[in-house]
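In: Next come a sequence and a model predicted from it.
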Amino acid sequence: MVRLNTKVKGASLIESVIATVIIIVVFTIASITFTTVMRGGMQSNTFKVQNKLDFLFYKYENGQLKIPYDEEYEKFFIKIFHTTDHEITQLIMQVTSKDESIKFEQKRWIE
């Protein structure tokens, strides 16, 4: 039987640690990028309803919208009403997605 005289060089501890750190950094960057992309997708989902709220506020300012107001718009429920606190009147615009995963509200001061 012929014996081969080639030696396989093993990785040192430092090389293993450096390789592990590089892999961790790559996965961290990938997960941050993925999170940013997903968050941007959710924000684009609410862009249309934000525009709708601006349009409804414009109609309210011009006397074309009666308050309280409820509407189902695409995947969202829109509710608009007045509230008064210490003689200051606010217009509250609440938006809730149908599956309730997205909720936000806007408050606008009324003179």
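Out: Happy to help now that I have it. Everything quoted here is computed from the prediction, not taken from an experiment.

In: Only C-alpha atoms from now on, for both contacts and neighbour counts.
Out: Fine.

In: Hmm, Ser97 is touching Lys79, no?
Out: No - if you go by Cα atoms under 8 Å, Ser97 and Lys79 don't touch, sitting 11.6 Å apart.

In: Check the secondary structure at Gly63 for me.
Out: At Gly63 the chain is in coil, as set by DSSP: H, G, I helix; E, B strand; the rest coil.

In: Sketch out the low-pLDDT regions of this structure for me.
Out: 1-2, 4, 7-10, 40-45 (pLDDT under 70).

In: Quick one: the strands in the protein, in order.
Out: Ranges of strands within the chain are 69-73, 76-85, 88-97, 103-110, based on DSSP state E.

In: what's the shortest one packed up against?
Out: By that I understand strand 69-73. strand 76-85 (3 or more Cα pairs under 8 Å, 6 or more residues apart in numbering; DSSP states H and E).

In: one step back: a markdown table for the strands of the chain, including mean neighbour count and distance to Ile14?
Out: Formatted as a markdown table, the strands of the chain follow (neighbours: other Cα atoms under 10 Å; distance: least, Cα to Cα, whole Å):
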| stretch | mean neighbour count | distance to Ile14 |
| --- | --- | --- |
| strand 69-73 | 13 | 59 |
| strand 76-85 | 15 | 55 |
| strand 88-97 | 17 | 52 |
| strand 103-110 | 12 | 49 |
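
In: Could you export the ones you listed as a markdown table, including distance to Ile23?
Out: As requested, the strands of the chain are exported to a markdown table (distance: least, Cα to Cα, whole Å):
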| stretch | distance to Ile23 |
| --- | --- |
| strand 69-73 | 45 |
| strand 76-85 | 41 |
| strand 88-97 | 38 |
| strand 103-110 | 37 |
